[in-house]
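Student: Could you look at this predicted model? Sequence included:
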Amino acid sequence: MLRISGITQKFGGLVALNDVSLTFRRQDITGVIGPNGAGKTTLFNIVTGIYRQNLGTVHLDDKDISGFPPEKLAILGMVRTFQNVELFGQMTVLENVMVGLHTRSHSGILACAFKLPGHLKEERVVRERAMQWLDFVGIADLAQVEAANLPFGKGRLLEIARAMALEPRIILMDEPAAGLNSRETAELALFIRKVRESGITVALVEHDMELVMDVCDYIHVLNLGHKLAEGTPREIQENTEVISAYLGEG
Amino acid sequence: MLNKLLGFIVKRELLKFLIFAAILLLIPFFFEGGYLLNILLFVGIHTMLAIGLNLLLGFAGQISLGHAAFFGLGAYLSGILTATYSINPWLAMFMAAVVVGIMAFVIGFPILKLKGHYLAMATLGLGIIIYIAFNEAVDLTGGPSGLSGIPNLSLGHFIFDSDLKNYYLIWTFTLVTMLLSINLAHSRIGRALRAIHDSEVAARVMGVNARLLKVQIFSLSAVISAIAGSLYAHTMTFISPASFGFNFSVELLTMVVIGGLGSIYGSFLGAALLTLLPEMLRAFQDYDIVIYGLLLILMTMFMPGGLVRCFSAFVVAAISPKKPEGGKGSA
């Protein structure tokens, strides 16, 4: 599904990623883990077009998408969530999800300004579908709340609903459990599985080991910009290199 | 139920607009005085300009300190085409709008890559360059002494040559601009613009082509300003560079901020206030920019949502006293 090969990224003299290659298989939940500074988020930023890599390629279903901007990736069916939750704070919860349906509607500036009939119909469909996605994550009752006023955990769910509204083929989640309490994390695990069940490939950067070991089918381990290991959760748990990297004996 | 709610919102929006339009169109019947009508004429033009700038600043969150230049370009293009080349005023107006729109589109691509202070500086520079051009291209513009002999607009034999006629002409344009902007605000484009405002990177991840949309809205905003400029030129029949300088750009910015970022009716309120205020404060004429600056500071400190939002929050609070104050603090 998603294949990353030979990615190298330098920030000045600092090598954030050095010749990293990994694949995310279709309809798997694939985790990317590693200690702080391993380059996980950098990797996600490159894949999703936020940064441009120095070297290496990214392929989505055999299509070379290296250096594609995020808006183009969205049309190809790739979406991501953010570590710090990037919501549209001054818009309502419902409107946030409606933005997620941006690529599912096509009225231009003039059609919108003159309220052409096609636009009105589209608007109704978008609103209904957005409500369905809010239902999916169980926050439909908060539809008219301003997003900035949501508690953090609900914000995370909203971000997932917004990303799902895009009807992506692959969703990349950057530390979705960060800042959540254990009950919210358990809830999150449920949603991640639900997302996969609806046929979407999930890529996960995460610190919460419990969550990763619980939901992931396959795991890649990064350390200091290199790939250290890969395997099933069980294999990773027994890998001595991984254990020593986490305990800081490297 | 949702459809019903949506229908209700749409209807209420329309009703609000119709009441607003009716009041404005009826005003001339109640106030005979030519002086007030003359001021309200300017309120109309300023409302149009403020809405144009608001689409850019209030919705997309992109600042422009050079919007007076687009207003001026519209006025001068219209003026030169009609006064010097005797082209039909309506055609001149159309041509001015198209030329300014294309110009803004082309300039927009490099300029809107900039953010925050840098964008402010770039648009400021743009405004100043165009202002200098108005002054220096004496052959075309008449230089600092201005351009005169611009014909009024006309429909057949009906010439818009009095304040009353121009009042209806200008307010027709202004109300149409308002209605279209309200529609735009409640559409996917309006949402995409506000999304860019709140988090450009998240908007892009959602498939919003932020760069293109910002340029498009910049261009639309310039076109609205240019049309307002044409109306101004044909109403005044005389224009000079002094009306299109940096001070006026700041005045426009103040109107938008006072009325409320992202509020279309707020733009009207801001425009009305800043047009009527100087008339009342004639004594401070030379210090107007200082007063605008002060207003800007006070507004952003104490009423970041603008007058309209502050007022409606106040009304809501008054109607439902038992409800604790809503957390509108995010601005």
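Tutor: Yep, that arrived. This structure is a prediction, so every number in the text was calculated from the model and none was measured.

Student: what about the stretch 1-150 of chain B, any weak spots by pLDDT?
Tutor: B:1-10, B:32-33 (pLDDT under 70).

Student: again, 90 this time
Tutor: Where the stretch 1-150 of chain B drops to pLDDT under 90, the residues are B:1-16, B:24-39, B:116, B:142-143.

Student: Show me where it has its helices.
Tutor: Taking DSSP state H, counting those that start in this stretch, the helices of the stretch 1-150 of chain B run over residues B:2-30, B:34-54, B:67-79, B:89-111, B:116-136, B:138-141.

Student: got it, and chain A?
Tutor: Using DSSP state H, the helices assigned to chain A run over residues A:40-47, A:70-76, A:93-100, A:109-113, A:117-137, A:152-165, A:182-197, A:209-215, A:233-238, A:240-247.

Student: Can you tell me which of the ones you listed is most buried?
Tutor: Of those, the one with the most neighbours on average (mean count of other C-beta atoms under 10 Å in any protein chain shown) is helix A:93-100, at a mean of 27. For the C-beta atoms, the positions are set from N, CA and C on the backbone; glycine is no exception.

Student: Quick one: residues in contact with that one.
Tutor: A:87-88, A:91, A:126-127, A:130-131, A:133-134, A:139, A:142-147, A:150, A:158, A:161-166, B:188, B:191-192, B:194-195, B:203, B:206, B:208 (C-beta atoms under 8 Å, 6 or more residues apart in numbering or on different chains).

Student: got the angle between it and helix A:152-165?
Tutor: Angle, helix A:93-100 to helix A:152-165, by axes from the mean of the first three to the mean of the last three C-alpha atoms, to 10 degrees: 30 degrees.

Student: Can you check what angle separates helix A:93-100 from helix A:117-137?
Tutor: Angle of helix A:93-100 versus helix A:117-137, following the same axes, to 10 degrees, is 110 degrees.

Student: Just the CA atoms of helix A:93-100, as PDB, please.
Tutor: Extracted in PDB, the C-alpha atoms of helix A:93-100 (Å, rounded to 0.1, in the frame of the first residue of the first chain):
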ATOM      1  CA  VAL A  93     -17.500  20.700  15.500                       C
ATOM      2  CA  LEU A  94     -19.800  20.000  12.600                       C
ATOM      3  CA  GLU A  95     -18.100  22.600  10.400                       C
ATOM      4  CA  ASN A  96     -14.700  20.900  11.100                       C
ATOM      5  CA  VAL A  97     -16.000  17.600   9.800                       C
ATOM      6  CA  MET A  98     -17.600  19.400   6.800                       C
ATOM      7  CA  VAL A  99     -14.100  20.700   5.900                       C
ATOM      8  CA  GLY A 100     -13.100  17.100   5.800                       C
END
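
Student: Mean confidence (pLDDT) on that helix, please.
Tutor: Per-residue pLDDT over helix A:93-100 has a mean of 94.

Student: measure B:Phe59 to B:Ile107 for me?
Tutor: For B:Phe59, the distance to B:Ile107 equals 19 Å [C-beta to C-beta, to the nearest Å].

Student: okay, the two: which has more neighbours?
Tutor: B:Phe59 (25 against 18; other C-beta atoms under 10 Å in any protein chain shown).

Student: in what helix or strand does the closest residue in space to the more buried one that isn't next to it in sequence lie?
Tutor: Setting aside the residues directly before and after it, B:Phe59 is nearest to B:Leu193 in space (C-beta to C-beta, 6 or more residues apart in numbering or on different chains), at 4.0 Å. Under the criterion of DSSP states H and E, B:Leu193 resides in helix B:188-198.

Student: which other helices and strands contact that helix?
Tutor: Identification of packing neighbours for helix B:188-198 by 3 or more C-beta pairs under 8 Å, 6 or more residues apart in numbering or on different chains; DSSP states H and E yields helix A:93-100, helix A:109-113, helix A:117-137, helix B:200-205, helix B:210-236.

Student: Name the residues that touch the second one?
Tutor: Right, helix A:109-113. By C-beta under 8 Å, 6+ apart, helix A:109-113 touches A:116, A:118-119, B:180-181, B:183-184, B:187-190, B:216-217, B:220.

Student: please redo it, this time with the cut-off set to 10 Å
Tutor: Contacting residues not belonging to helix A:109-113 are listed as A:105, A:107, A:116-120, A:122-123, B:176-177, B:179-192, B:213, B:216-217, B:219-220 [C-beta atoms under 10 Å, 6 or more residues apart in numbering or on different chains].

Student: Please give me every residue in contact with B:Ile189.
Tutor: B:Ile189 sits in contact with A:102, A:105, A:107-113, A:119, B:55, B:59, B:183, B:208, B:213, B:216-217, B:220, where contact means C-beta under 10 Å, 6+ apart.

Student: Distance check, it against B:Leu212.
Tutor: Using C-beta to C-beta, one gets 12 Å for the distance from B:Ile189 to B:Leu212.

Student: quick one: average confidence on stretch A:59-68?
Tutor: Here the average pLDDT along stretch A:59-68 is 89.

Student: measure B:Leu269 to B:Val43 for me?
Tutor: 10 Å.

Student: Between those two, tell me which one has more neighbours.
Tutor: Comparing B:Leu269 with B:Val43 by other C-beta under 10 Å, the one with more neighbours is B:Val43, at 23 against 20.

Student: okay but the more buried one is in contact with B:Ala228, surely?
Tutor: No - B:Val43 is beyond contact range of B:Ala228, at 11.9 Å (criterion: C-beta atoms under 10 Å).

Student: out of everything not next to it in sequence, what's closest to B:Ile289?
Tutor: Counting by C-beta to C-beta, 6+ apart, the residue nearest B:Ile289 is B:Asn247, at 5.3 Å.

Student: which ones are touching the one you found?
Tutor: B:68, B:288-289, B:292.

Student: Spit out the contact partners of B:Leu212.
Tutor: Neighbour list for B:Leu212: A:71, B:108-109, B:112 [criterion: C-beta under 10 Å, 6+ apart].

Student: Quick check: the gap between it and A:His220.
Tutor: 35 Å.

Student: now A:Ala143
Tutor: For A:Ala143 relative to A:His220 (C-beta to C-beta), the value is 37 Å.

Student: the more surrounded of those two?
Tutor: Legend: neighbour count by other C-beta under 10 Å for A:Ala143 and A:His220, higher for A:His220 (26 against 18).

Student: what touches both of B:Leu269 and B:Val43?
Tutor: Residues touching both B:Leu269 and B:Val43 (C-beta under 10 Å, 6+ apart) are B:Ala50.

Student: worst-scoring helix or strand of chain A, pLDDT-wise?
Tutor: Ranked by mean pLDDT, DSSP states H and E, the weakest helix or strand in chain A is helix A:240-247, scoring a mean of 80.

Student: what two of the contacts of B:Leu212 are the furthest from one another?
Tutor: A:Glu71 and B:Gly108 (17.2 Å; C-beta to C-beta).

Student: related to what we said a few turns ago, alpha carbons of the helix holding B:Leu193, as PDB, please.
Tutor: Only the C-alpha atoms of helix B:188-198 are listed here, as PDB (Å, rounded to 0.1, in the frame of the first residue of the first chain):
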ATOM      1  CA  ARG B 188     -17.700  25.100   1.400                       C
ATOM      2  CA  ILE B 189     -15.400  27.900   0.200                       C
ATOM      3  CA  GLY B 190     -16.200  30.000   3.300                       C
ATOM      4  CA  ARG B 191     -15.400  27.000   5.500                       C
ATOM      5  CA  ALA B 192     -12.200  26.300   3.600                       C
ATOM      6  CA  LEU B 193     -11.100  29.900   4.100                       C
ATOM      7  CA  ARG B 194     -11.800  29.800   7.800                       C
ATOM      8  CA  ALA B 195     -10.000  26.500   8.000                       C
ATOM      9  CA  ILE B 196      -7.000  28.100   6.400                       C
ATOM     10  CA  HIS B 197      -7.300  30.900   9.000                       C
ATOM     11  CA  ASP B 198      -7.300  28.500  11.900                       C
END
